[in-house]
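**Student:** here you go, sequence then predicted model.
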Amino acid sequence: MVTEAKIVLQADVRFEGHAESGHTVIIDGPAEAGGGNAGFRPMELMLLGMAGCMALDVLLILRRMRQAVHSYRVDVKADRAEDPPRVYTEARLEHILQGDDLEPSTIQRAIELAETKYCSGSAMFAKTAKITNTFRIVSG
């Protein structure tokens, strides 16, 4: 399966990214490289992509397991190597869920399945980074 995407220089070090889905995103470099803070940094997108991949897979698994999730967010904190290439070396994901009668053991299983079997983003990140997933259920 081939996926296609492209980025096009807009100005200075700002690019517009285009994906097969038809969506666009602005990618901009840091100020010291001439960036104007007009969009995401490339490494921020990598982190968001991995977290989004995990969240989507976990949510779909939980729905199949008949868990009534009303709200869900993933907070991510990550560390990068000091020297180039400054890859991510550790990522800590906290899954925060709200819903009706959510079962902690079911959530744990969904996260494990996403991380070990389904999430391509997590699998790629795991090549350079230690990934830790935790969760908590909030009332509301």
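**Tutor:** Cool, the structure landed.

**Student:** and the next element down the chain from the longest helix seen in the chain?
**Tutor:** Once the chain is assigned using DSSP state H, the helix that runs over the most residues is helix 42-64. Counting by DSSP states H and E, the next helix or strand C-terminal to helix 42-64 is strand 68-80.

**Student:** that next one pairs with which strands?
**Tutor:** Partners of strand 68-80 in the sheet, by DSSP bridges, are strand 88-100 (antiparallel).

**Student:** you'd agree residue 73 is up against residue 98?
**Tutor:** No: contact status for residue 73 versus residue 98: not in contact, 9.4 Å apart, counting by CB atoms under 8 Å. Quick note: C-beta positions are derived from backbone N, CA and C, even for glycine.

**Student:** neighbour count winner among the two?
**Tutor:** Comparing residue 73 with residue 98 by other CB atoms under 10 Å, the one with more neighbours is residue 98, at 16 against 12.

**Student:** what's across from that one in the sheet?
**Tutor:** Beta-bridge partners for residue 98, by DSSP bridges, are residue 71.
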